[in-house]
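K.L.:
build me a structure from this.
(one chain, ligands or ions: 1)
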Amino acid sequence: MTKRGFFVSFEGGDGCGKTTQMRLLLERLRADGKDVLETAEPGGTPIGRQIRRILLDSANEALSPRAEMLLYFACRAQNVDEWIRPALAAGRVVVSDRFTDSTLAYQGEGRGLTAGLVRELHGIACQEILPDLTIYLDIDYRTGLSRARARNAGQEGPDESRMESQAEEFHDRVRQGYLALAAAEPKRIRTIDAGQSVEAVAAAIWAEVEPYV
Ligand code: TMP
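P.N.:
Residues are numbered from 1 along each chain as shown. Coordinates of the predicted model:
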């Protein structure tokens, strides 16, 4: 392992408040003078952003579960090769909005493609790259979904509602998937109650991140 930097990912169901919390953490790290790479899955790199459009466009109803999973991993492989591995090798702090735990929860549990298959593809796409710390923002899936749907309805720009349009049962399975992942890896995956105030959630996140940076 040549890795020297620190890699933290944010996870959670739709509408869990990840974007706000990630912004607050980035501000704090940068104010502390840390050299930070901010990235996202799906998205991040310019090529990843093109893949994101395909994945989240609600017009792509016909996207098959395996094709969907492979596109998420194609996006991640590009992110790992182009941005994440070089940043870690240079000793930077990498903060990613989602990573492979999302695929385990959404495609593995949500779509029923199994954790074994997802982990096999992770090995191909990401090789040894895994977050050192994962912040899982836990929220009741109904509360999260209504927030996410309200946000998308009022949003300009490209349609990004394909995943949020999935049935409630799908989102319930995703949450159960996350809870099982967090129970299996409690040291890496830190669960934070996202139903608290923005300030309380931010403080809980900082308490997890600070010892590492
Ligand atoms: P977000 O960037 O707004 O969080 O939206 C990304 C959506 O894609 C969200 O519904 C979660 C979903 N997703 C997966 O289904 N699998 C994945 O591997 C990733 C990274 C995201």
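K.L.:
going forward, measure contacts and count neighbours with C-alpha atoms only.
P.N.:
Will do.
K.L.:
counting by contacts, list what the helix or strand containing residue 103 packs against.
P.N.:
Assigned by DSSP states H and E, residue 103 belongs to helix 100-103. Contacts defined by 3 or more CA pairs under 8 Å, 6 or more residues apart in numbering; DSSP states H and E place helix 100-103 against strand 6-12.
K.L.:
right, and the helix or strand after the helix holding residue 103?
P.N.:
In N-to-C order, the element after helix 100-103 by DSSP H and E is helix 115-126.
K.L.:
average pLDDT across that following helix?
P.N.:
Helix 115-126 shows a mean pLDDT of 98.
K.L.:
buried stuff in that helix?
P.N.:
Using 16 or more other CA atoms under 10 Å as the test for burial, helix 115-126 gives 115, 118, 119, 121, 122, 125, 126.
K.L.:
quick one on the thing from earlier: what residues does the helix holding residue 103 touch?
P.N.:
For helix 100-103, contacts defined as CA atoms under 8 Å, 6 or more residues apart in numbering pick out 11, 12, 69, 72, 118, 122, 178, 181.
K.L.:
what's the burial count for the first one?
P.N.:
Pointing back at residue 11 there. Here the number of neighbours of residue 11 (other CA atoms under 10 Å) works out to 25.
K.L.:
and the end-to-end length of stretch 152-162?
P.N.:
The straight-line separation of the ends of stretch 152-162 (CA to CA, to the nearest Å) is 11 Å.
K.L.:
check stretch 32-41 too.
P.N.:
So stretch 32-41: terminal residues 25 Å apart, CA to CA.
K.L.:
what are the ranges of the helices in the chain?
P.N.:
Assigned by DSSP state H, the helices in the chain fall at 18-31, 46-56, 65-79, 85-89, 100-103, 115-126, 141-153, 168-184, 198-209.
K.L.:
and the residue nearest the centre of the protein?
P.N.:
residue 98 (1.1 Å; CA atoms, centre = their mean).
K.L.:
can you flag the weakest of the helices of the chain by average pLDDT?
P.N.:
helix 141-153 (a mean of 90).
K.L.:
quick check: closest non-adjacent residue to residue 139.
P.N.:
Spatial nearest neighbour of residue 139, chain neighbours left out: residue 194 (5.4 Å); criterion: CA to CA, 6 or more residues apart in numbering.
K.L.:
which residues does that neighbour contact?
P.N.:
Taking CA under 8 Å, 6+ apart as the test, what residue 194 contacts is 16, 17, 137, 138, 139, 201.
K.L.:
10 Å instead, please
P.N.:
12, 15-18, 21, 136-140, 144, 200-202, 204 (CA atoms under 10 Å, 6 or more residues apart in numbering).
K.L.:
before we move on, what about residue 116?
P.N.:
Per CA under 10 Å, 6+ apart, neighbours of residue 116: 104, 108, 122.
K.L.:
tell me how far it lies from the ligand.
P.N.:
15 Å (CA to the nearest ligand atom, to the nearest Å).
K.L.:
the residue nearest to the centre of the chain reaches residue 130, doesn't it?
P.N.:
No. Applying CA atoms under 10 Å as the test, residue 98 and residue 130 come out as separate, 11.4 Å apart.
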